[in-house]
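>>> Sequence first, predicted coordinates after that:
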Amino acid sequence: MNEYEAVIGLELHIQLATESKLFSSSGTIFGQEPNTQINEIDLGYPGVLPVLNKRAVEYAALFGMAIGSRINPRAVFMRKNYFYPDLPKGYQISQLAEAVIDGGEIYLEEFDRRVRINRGQLEEDAGKSVHDAFSDRTGIDLNRAGVPLIELVSEPDMRSAKEAVAFMRKIHHLVRYLGISDGNMQEGSFRCDANVSIRPTGSTEFNNRVELKNINSFRFVEQAINLEIERQIEVVENGGTVEQETRLFDPDRQETRTMRTKEEANDYRYFPDPDLLPLDLSQEFLSGIENLLPELPQNRRARYADYGFDADLLNFLVQDLATGDYFDAVLGKTNDAKLSANWLHSELYKLLDENTKTFSDNPIAADKVADLLAEIKANTISGNAGKKVLQELFTAPDADVAQLIDKLGLRQLNDDAQIRDWVAEIVAANPQQVAAYRAGQGKMLGFFVGQVLKKSGGKANPKIVNEMLREVLDA
């Protein structure tokens with residue numbers, strides 16, 4: 001395989017998280033009964049006219065700005081003509097050369113690879129053919145017909161399946177971070193077509209490419225591309241020519257197989273949709289979208305890296321916009337990055353996950369967590385006590401942290417004189433354990449700590465107890 005180089009480009013279909021379709025008022029909720037989220041526009045009835053969904057345009061512009069693209073203020077909607085049972089109009093409304101997203105690039109740090117973006121076109125989805133293997137019949141569900149998509153087309157800049165997956169993951173993370181798509185691959189909200197060809201290593205020529213259609217998992221994308229590279233090498237090594245075609249990936253058989261001969265753009269007979277004027281995006285509109293653009297994941301990651309966080313903690317904090325914003329709000333009050341991040345990662349995230357919630361619908365306000373961490377830093381409560389307070393806040397988010405600590409009886413005793421008296425009493429009452437400790441059995445310290453905490457009713461500050469016991473026992 002070292003004699004050949006793979007040339008890979010991806011087409012990602014990203015379903016936008018709008019409440020209605022791209023050109024109609026029908027709903028977009030996944031999993032509804034077949035053909036219950038449709039109207040005359042989705043069904044292609046004669047005489048109906050499409051009305052553009054403004055929110056979909058806003059989401060497309062936001063995404064384009066996030067990847068450094070030019071937003072085309074005059075994007076043109078085209079009719080892409082083909083005949084499938086699940087395409088009732090006989091054409092799909094899409095874009096081509098004058099797409100709303102123009103250019104841009106994605107940098108893959110782990111490969112030091114820059115992947116250029118050709119375009120991102122705003123288009124409607126087709127319906128879905130549902131095959132029943134038992135009755136050997138096929139039904140058509142048009143609930144998905146007209147759902148808004150961004151089709152993101154990369155240049156053929158990737159050279160391995162792993163690079164393709166890294167590109168796909170980065171886009172997947174970004175659209176979820178921006179909140180413009182749920183990215184649910186099992187539900188078809190994020191799908192991939194991979195264009196794959198090979199050439200001799202060192203060559204700059206582009207050969208016939210094969211399109212691998214509708215792959216809906218990162219693992220399958222990697223498998224499909226690697227299998228197709230191997231297949232093409234075998235064809236060439238046996239003296240054949242790789243034909244330009246569309247192939248399907250079968251994960252069960254671990255093979256790709258011919259679906260149809262690959263069409264070119266002119267086969268679809270593109271022409272401007274006569275029912276839709278070109279987009280006319282004003283500078284005021286574009287400036288408004290730019291103001292909505294949050295701190296991007298790569299910038300946030302670089303800022304957090306200054307705190308010395310490891311990769312696991314960085315990935316957690318930039319997993320979505322809500323998590324990073326929440327961390328910033330807590331940090332703004334505690335001024336302790338490590339304590340704040342560790343508590344959000346280990347304790348609060350665990351609590352949210354147990355209750356099937358995320359930072360987006362977290363009932364505990366950031367200032368409450370900051371107040372709790374201030375109490376821990378001041379040694380007025382222990383870490384274990386803090387966990388109990390956090391659990392109470394989850395069910396009573398409006399409670400005052402200090403009052404909650406007192407109500408639960410969790411406030412630590414930091415009275416040095418009182419703790420010293422308890423330490424002296426416990427040491428005097430256990431001469432055999434003292435002798436064992438001084439004979440080298442360091443684990444006996446835990447025994448004394450437990451006895452003092454028991455004497456205090458669990459309220460003595462363990463840190464102070466440890467320090468005083470060492471002082472007395474080592475004397």
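On my side now, so go ahead.

>>> for the stretch 201-350 of the chain, which spans come out with low pLDDT?
262-266 (pLDDT under 70).

>>> residue nearest the centroid of the chain?
The centroid of the chain falls nearest to His173 when counting by Cα atoms, centre = their mean (3.6 Å).

>>> which ones are touching that residue?
297, 319 (Cβ atoms under 8 Å, 6 or more residues apart in numbering). All C-beta spots, glycine's among them, are computed from the backbone N, C-alpha and C.

>>> quick check, it in a strand?
No: going by DSSP: H, G, I helix; E, B strand; the rest coil, the assignment for His173 is helix, not a strand.

>>> pretty sure Pro200 contacts Glu3?
Yes: counting by Cβ atoms under 8 Å, Pro200 does reach Glu3; the two are 6.6 Å apart.

>>> quick one, helices of the stretch 101-250 of the chain?
Using DSSP state H, counting those that start in this stretch, the helices found in the stretch 101-250 of the chain span residues 161-178, 218-237.

>>> what comes up buried for the longest one?
In other words, helix 218-237. Within helix 218-237, the residues that count as buried by 16 or more other Cβ atoms under 10 Å are 218, 220-229, 231-233, 236.

>>> ok, now the shortest one?
Applying a neighbour-count criterion of 16+ other Cβ under 10 Å, the buried positions in helix 161-178 are 161, 163-168, 170-178.

>>> go on, stretch 45-60?
For stretch 45-60, a neighbour-count test (16+ other Cβ under 10 Å) marks 48, 50, 52-53, 55-60 as buried.

>>> Centre of the chain to that stretch, how far?
27 Å (Cα atoms, centre = their mean, to the nearest Å).

>>> And for that stretch, what's in contact with it?
Contacts for stretch 45-60 (Cβ under 8 Å, 6+ apart): 16-24, 40-41, 93, 100-101, 120, 122, 148, 150, 178, 180-181, 273, 275-276, 279, 281, 289, 292.

>>> Now, these that are in helices?
Residues of the contacts of stretch 45-60 located in helices (DSSP state H): 178, 289, 292.

>>> Now flag whichever of those is closest to Gly457.
Leu178 (51.3 Å; Cβ to Cβ).

>>> Would you mind confirming that that closest one is in contact with Ala322?
No: using Cβ under 8 Å as the test, Leu178 is too far from Ala322 to be in contact (11.7 Å).

>>> before we move on, the earlier item: let's see the pLDDT reported for the residue nearest to the centre of the chain.
pLDDT, His173: 97.

>>> that older thread, of all the helices of the stretch 101-250 of the chain, which one is nearest Ala133?
Relative to Ala133, the nearest member of those by Cβ to Cβ is helix 218-237, separated by 20.8 Å.

>>> residues touching Asn39, list them.
Going by Cβ under 8 Å, 6+ apart, Asn39 touches 24-26.

>>> can you list the ones in helices among the contacts of stretch 45-60 in a markdown table and add distance to Gln441?
Formatted as a markdown table, these follow (distance: Cβ to Cβ, whole Å):
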| residue | distance to Gln441 |
| --- | --- |
| Leu178 | 59 |
| Ile289 | 68 |
| Leu292 | 64 |
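
>>> With respect to Val318, which of the residues you listed is nearest?
Among the ones in helices among the contacts of stretch 45-60, and counting by Cβ to Cβ, the member closest to Val318 is Leu178, at 12.4 Å.

>>> ok, the closest one to Glu58 distance?
According to Cβ to Cβ, to the nearest Å, Leu178 and Glu58 sit 11 Å apart.

>>> Just the buried ones from the contacts of stretch 45-60, in PyMOL syntax?
Those of the contacts of stretch 45-60 that count as buried under 16+ other Cβ under 10 Å are selected in PyMOL with:
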select buried, resi 16+17+18+20+21+22+23+24+41+93+100+101+120+122+148+150+178+180+181+273+276+279+281+289
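
>>> Which of the contacts of stretch 45-60 fall within strands?
93, 101, 120, 122, 148, 150 (DSSP state E).

>>> Stretch 75-88: which residues count as buried?
Residues of stretch 75-88 classed as buried: 75-80, 86-88 (neighbour count, 16+ other Cβ under 10 Å).

>>> Mind putting those into a markdown table with secondary structure?
Output for the buried residues of stretch 75-88, formatted as a markdown table (three-state DSSP):
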| residue | secondary structure |
| --- | --- |
| Ala75 | coil |
| Val76 | coil |
| Phe77 | coil |
| Met78 | strand |
| Arg79 | strand |
| Lys80 | strand |
| Asp86 | coil |
| Leu87 | coil |
| Pro88 | coil |
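
>>> from the residues you listed, which single one is nearest Arg137?
For the buried residues of stretch 75-88, the nearest to Arg137 is Asp86 (14.6 Å; Cβ to Cβ).

>>> so how far is Ser181 from the nearest residue to that closest one once chain neighbours are set aside?
Once flanking residues are discounted, Asp86 sits nearest to Gly127: 3.5 Å by Cβ to Cβ, 6 or more residues apart in numbering. For Gly127, the distance to Ser181 equals 19 Å [Cβ to Cβ].

>>> which residues are contacting stretch 279-288?
Residues from elsewhere that reach stretch 279-288 (Cβ under 8 Å, 6+ apart): 57, 61, 71-77, 100.

>>> End to end on that stretch, go ahead and measure it.
End-to-end distance of stretch 279-288 (Cα to Cα, to the nearest Å): 16 Å.

>>> Determine which two of the ones in strands among the contacts of stretch 45-60 are furthest apart.
The largest distance within the ones in strands among the contacts of stretch 45-60, taken as Cβ to Cβ, falls between Ile93 and Ile101 and amounts to 16.3 Å.

>>> Next, the nearest residue to Leu174 once chain neighbours are set aside: phi, psi?
In this structure, Leu174 finds its nearest non-sequential neighbour in Ala66, 6.1 Å apart by Cβ to Cβ, 6+ apart. Backbone torsions for Ala66, taken as degrees, to the nearest 10, come to phi -70, psi -30.

>>> Then Ser340?
Phi and psi for Ser340, reported as degrees, to the nearest 10, are phi -60, psi -50.

>>> Val465 now?
The phi/psi pair for Val465 (degrees, to the nearest 10) is phi -60, psi -50.

>>> Tell me the spacing between it and Asp273.
Going from Val465 to Asp273 by Cβ to Cβ gives 77 Å.
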